[in-house]
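A.B. asks: predicted model and sequence follow; I will ask about them next.
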Amino acid sequence: MTDELDLQPTATVVPTTKPDLPEFTLENVLADIKFGICSLFNNPEFAKPMAMVILFVESLALKVIIGLVPYTEIDYESYMQQLAQIEAGEFDYEKISGNTGGIVYPGGYVYFYSWMRWLTEDLDDMNSGQIAFRYLYMLTLIFTLAIYLSSGGHNGKFSVKPYILYLICASKRLHSIYVLRLFNDCFTTFFMVATILVLQQASLYKKSNGLLSYILTLLSADLFSVGISIKMNALLYIPAYLVVTYFLCDENLLKLVPILLFGIGVQIGMNWTFLSQGDEIRDHFIAGAFDFNRKFMFQWTVNWKFLTEDVFQSDLFHKGLLASHVTVLALFLFYRWLSPNVTGKSVGKFLKDSLKFWSSTIHPSNVILSESNGTLFVALTMMTCNLIGVLFARSLHYQFLAWYLYSLPLLLKFTNLPGYVNVILFGLHEYCWNKYPTDAISSGLLVSILSVVLLMNFKNDVFASGEANEVDELGEEKKNE
């Protein structure tokens, strides 16, 4: 009789072997340390953890700056003087002024700085104002980091390296603009960064949840309009915003119109206090808050000190800047933002389809529908469009750095220059903004750096093969696998 136990399957014991560990030697320890240090700068897998570290360090740094560095009065007292007159019942922009001159900002500025006036008790509690701007800086930084980390989409075709994130908060001048100066430019930048982030999310959900994507696009119009209502430099984003939202609306003008009307409605609402006061006050408000012919003082220009004052103030120079601005925008529009690599069809076909305003003519391969590249397209298009406007601005003052510094590291990344060159360019750029007073060398260097960034971004057709090109630290182009 066969033993019952013999009928059971026999288990085969496979001997396990421990993996060979590297020898514990000084050479291997140093190699591990080197790998760890390099990863802190170059390994994309470290980007998210280091973003958390950046937020912690920046929060502490801002506390230290507020505690140790004296507040510097430049424009805030003038803001308060202007707000005091408005709160006393004066709505005529020709009669509202402060130490630095007449009021030149729209209604959103009035709302936000009315709140700031309450918070700081006019000028009696500046520390509370600095703390508020610390929170504003941190919120803007959180949104900026989210934009960078979101630019790879769901599939992570583009991965940001940690050193790019470090550059976002490496500007001494930017910290002082926020917590030592309390400039209104900071509020506008916050709303524009929020606009870009919301548009990225609209792109991410475009294929999976069209209704949510459309609602997010509506929200972006609200944020964008509020940004414009604080300071009109936000208008520089309009060409890119129209392209991105047109794509998000399936290249259907009928879908786009409600988005634009909503934004216009928000703008009217933000400025209604002045628009509703009568024809004369309304005209003075529009002329003062949206003055495109404003003259700037040569003394304070950061970008055009290599010119003579006569040239700087000349109408011919201003017209040349406008013509250059429009030309470069057109080049980016037709050769990058509307290229077949982006839209999935020729520019001619795109323009012909746009005449069918009642139809959704978006091509299935449009980059905005790409889960890997749609968010990157949103970020690069909006940031590049803004930087073009900055390059050809009639004058940049020190606080205007807040307009675009948040975007510079990402745009440097896509110059296709080696990483160490990008760091050098960023350092030289920071020198230009910290040189006081500015001179011909610092101004010329600033214009040159911004020109190089735009030229190299134009040369690098990021979406040429449907994937974002990357460059390693030695400057060799490669494709993400």
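C.D. replies: On my side now, so go ahead. Keep in mind it's a predicted model, so treat the numbers as computed, not measured.
A.B. asks: quick one: low-confidence parts of this protein?
C.D. replies: The chain contains residues with pLDDT under 70 at 1-19, 153-157, 465-481.
A.B. asks: what residues are up against residue 386?
C.D. replies: Counting by Cβ atoms under 8 Å, 6 or more residues apart in numbering, residue 386 touches 192, 236, 237, 240, 403, 404, 407. Glycine gets a C-beta too; all of them are placed from N, C-alpha and C.
A.B. asks: which one (most neighbours) among the residues you listed?
C.D. replies: Tallying neighbours with other Cβ atoms under 10 Å puts residue 192 at the head of the contacts of residue 386, with 30 neighbours.
A.B. asks: what about that one, distance to residue 368?
C.D. replies: 19 Å (Cβ to Cβ, to the nearest Å).
A.B. asks: how much space between the residue positioned nearest the centre of the chain and residue 266?
C.D. replies: By Cα atoms, centre = their mean, the chain has its centre lying nearest to residue 407, at 4.4 Å. Separation of residue 407 from residue 266 (Cβ to Cβ): 24 Å.
A.B. asks: and the contacts of stretch 438-446?
C.D. replies: So stretch 438-446 is in contact with 301-306, 396, 428-429, 431-433, 435, going by Cβ under 8 Å, 6+ apart.
A.B. asks: how close does residue 106 sit to residue 232?
C.D. replies: 7 Å.
A.B. asks: tell me where the stretch 251-400 of the chain has helices.
C.D. replies: Ranges of helices in the stretch 251-400 of the chain, per DSSP state H, counting those that start in this stretch, are 253-270, 272-275, 279-289, 309-313, 315-332, 340-343, 347-354, 374-391.
A.B. asks: pick the most buried one from these.
C.D. replies: helix 374-391 (a mean of 24; mean count of other Cβ atoms under 10 Å).
A.B. asks: okay, the angle between that one and helix 315-332?
C.D. replies: 170 degrees (axes from the mean of the first three to the mean of the last three Cα atoms, to 10 degrees).
A.B. asks: following helix 374-391 in sequence, what is the next regular element?
C.D. replies: As assigned by DSSP states H and E, the chain's next helix or strand after helix 374-391 is helix 408-413.
A.B. asks: packing partners of that following helix?
C.D. replies: Under the contact definition 3 or more Cβ pairs under 8 Å, 6 or more residues apart in numbering; DSSP states H and E, helix 408-413 sits against helix 126-150, helix 162-168, helix 374-391, helix 419-434, helix 440-459.
A.B. asks: can I get those in a markdown table including distance to residue 36?
C.D. replies: Listed next are the helices and strands packed on helix 408-413 as a markdown table, based on distance: least, Cβ to Cβ, whole Å:
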| stretch | distance to residue 36 |
| --- | --- |
| helix 126-150 | 21 |
| helix 162-168 | 12 |
| helix 374-391 | 28 |
| helix 419-434 | 18 |
| helix 440-459 | 31 |
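A.B. asks: if you compare these, which one is most tucked away?
C.D. replies: helix 374-391 (a mean of 24).
A.B. asks: how about the helices in the stretch 101-250 of the chain?
C.D. replies: 107-119, 126-150, 162-168, 172-175, 185-204, 210-230, 238-248.
A.B. asks: redo these as CSV? Include distance to residue 98.
C.D. replies: CSV is the format used below for the helices of the stretch 101-250 of the chain (distance: least, Cβ to Cβ, whole Å):
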stretch, distance to residue 98
helix 107-119, 11
helix 126-150, 16
helix 162-168, 32
helix 172-175, 24
helix 185-204, 17
helix 210-230, 17
helix 238-248, 29
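A.B. asks: would you confirm that residue 72 contacts residue 180?
C.D. replies: Yes. Residue 72 is within contact range of residue 180, at 5.3 Å (criterion: Cβ atoms under 8 Å).
A.B. asks: higher neighbour count, those two?
C.D. replies: Higher neighbour count among residue 72 and residue 180: residue 180, with 18 against 10, using other Cβ under 10 Å.
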